[in-house]
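>>> Kindly return the folded structure for what I paste below:
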Amino acid sequence: MFLFLVVALAVVVAAVTLAVVGGGDGSGPLPEAQPQRLHDPLPWDRPVGRADVDALRFPLAVRGYRMADVDDALNRLGAELAERDARIADLESAAAGPRDTAEDRAPTAGAVTLDKPGTGDHQ
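Take a look at the predicted model:
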């Protein structure tokens, strides 16, 4: 029985040794695994759209996601949103400009006004 255990232990040690060494094919040790890097699908040549944000996936790191990749993507999205907000404000102010000059004119005869009467005005 003792001889059987020694032979079984020798077979297990030989199998583990072959698995660690790589089976003796001469390929050497396994290469180091490269950490995953963010493949940034956000376009640089056009504004970021909803589909771009939906396609954004962060590679996993040891404790979740790489903070630098997430920070870069959020900074980029924040800059795009700030640029869009500024553009919307410019367009709204440009659209409000002609409307203000039309409201400053006196109403013509028979025109309906939507102004509320003042506190001193009684009808």
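>>> Pairing partners for the worst-scoring helix or strand of the chain on mean pLDDT, with directions?
Within the chain, no helix or strand scores below strand 60-61, which has a mean of 75 by mean pLDDT, DSSP states H and E. Strand 60-61 pairs in its sheet with strand 64-65 (antiparallel), by DSSP bridges.
>>> average pLDDT for the partner strand?
Strand 64-65 comes out with an average pLDDT of 79.
>>> What residues of the one helix or strand A94 maps to count as buried?
A94 is part of helix 67-104 when elements are defined by DSSP states H and E. Residues of helix 67-104 classed as buried: D69, A73, E80 (neighbour count, 16 or more other Cβ atoms under 10 Å). The way it works is simple: take the backbone N, C-alpha and C, and place the C-beta from them, glycine included.
>>> Does that helix pack against any helices or strands, and if so which?
If contacts are counted by 3 or more Cβ pairs under 8 Å, 6 or more residues apart in numbering; DSSP states H and E, helix 67-104 sits against no helix or strand.
>>> Sketch out the low-pLDDT regions of the chain for me.
Counting by pLDDT under 70, the low-confidence segments of the chain come to 21-38, 98-123.
>>> swap the cut-off to 50 and go again
Residue ranges of the chain with pLDDT under 50: 123.
>>> State the number of residues packed around D54.
By the other Cβ atoms under 10 Å criterion, the neighbourhood of D54 contains 9 residues.
>>> likewise the one 5 residues further on?
Counted with other Cβ under 10 Å, residues neighbouring P59 total 12.
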